[in-house]
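A.B. asks: Starting from these lines, generate the structure:
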Amino acid sequence: MPTASSPPPTTRAPHSADLRKGRFSQPGGVYLVTTVTHDRLPVFDCFSSARCVVRTLQIEHTAGRAMTLAYVVMPDHVHWLLTLGPTVSLSQVVRTVKSVVAHQLNGQIWQQGFHDHAVRDEEDLPAMGRYIVNNPVRAGLVSKAGQYSHWDAVWV
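C.D. replies: Coordinates of the predicted model:
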């Protein structure tokens with residue numbers, strides 16, 4: 001039975017609970033996280049809303065819960081490459097970011113769940129960072145990554 005804080009069953013993504021089954025996060029592990037806005041609405045087209053996400057990622061970094069390697073805040077989703085801190089799980093970090101942003105923006109901002117990819121040692125982190133920050137170029141929002149305001153990478 002849904003509670004007052006849970007969305008009606010019809011708004012849940014099919015098999016969204018399956019995304020969490022068997023999920024394990026390794027302290028110090030590197031992860032690429034993608035999370036999407038509710039109904040893919042372009043919430044972060046608004047400059048101040050996008051900066052709210054950026055500030056929240058910075059807070060997680062400063063607190064040592066997730067060291068940000070690269071991120072981009074797109075109009076309807078966020079890509080975040082991070083090294084997980086020693087004291088929390090990946091689910092806890094993502095839940096905190098989504099909760100803080102939703103609270104500060106006063107609304108249902110996020111689609112339930114998130115996608116994550118545990119980065120293997122042999123993967124090229126700077127190349128992943130470049131791929132992330134070039135997302136606005138591939139989406140046709142700008143012609144060069146430097147023209148987009150809502151990204152960062154430790155390699156730049």
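A.B. asks: Going by C-alpha atoms from here, please, whenever you check contacts or count neighbours.
C.D. replies: Will do.
A.B. asks: Let's verify the residue nearest to residue 52 when sequence neighbours are not counted: helix, strand, or coil?
C.D. replies: Spatial nearest neighbour of residue 52, excluding adjacent residues (Cα to Cα, 6 or more residues apart in numbering): residue 101 at 6.4 Å. Put simply, residue 101 is helix when judged by DSSP: H, G, I helix; E, B strand; the rest coil.
A.B. asks: hey, where'd the helices end up in this structure?
C.D. replies: Ranges of helices within the chain are 47-62, 90-105, 125-133, 135-138, based on DSSP state H.
A.B. asks: For residue 33, give me its contacts.
C.D. replies: For residue 33, the contacting residues are 78, 79, 80, 81, 82, 114, 115, 116, 117, by Cα atoms under 8 Å, 6 or more residues apart in numbering.
A.B. asks: Ignore what I typed, I meant residue 78.
C.D. replies: 33, 34, 35, 36, 71, 72.
A.B. asks: Among the residues you listed, which ones are in strands?
C.D. replies: In strands, defined here by DSSP state E, the members of the contacts of residue 78 are 33, 34, 35, 36, 71, 72.
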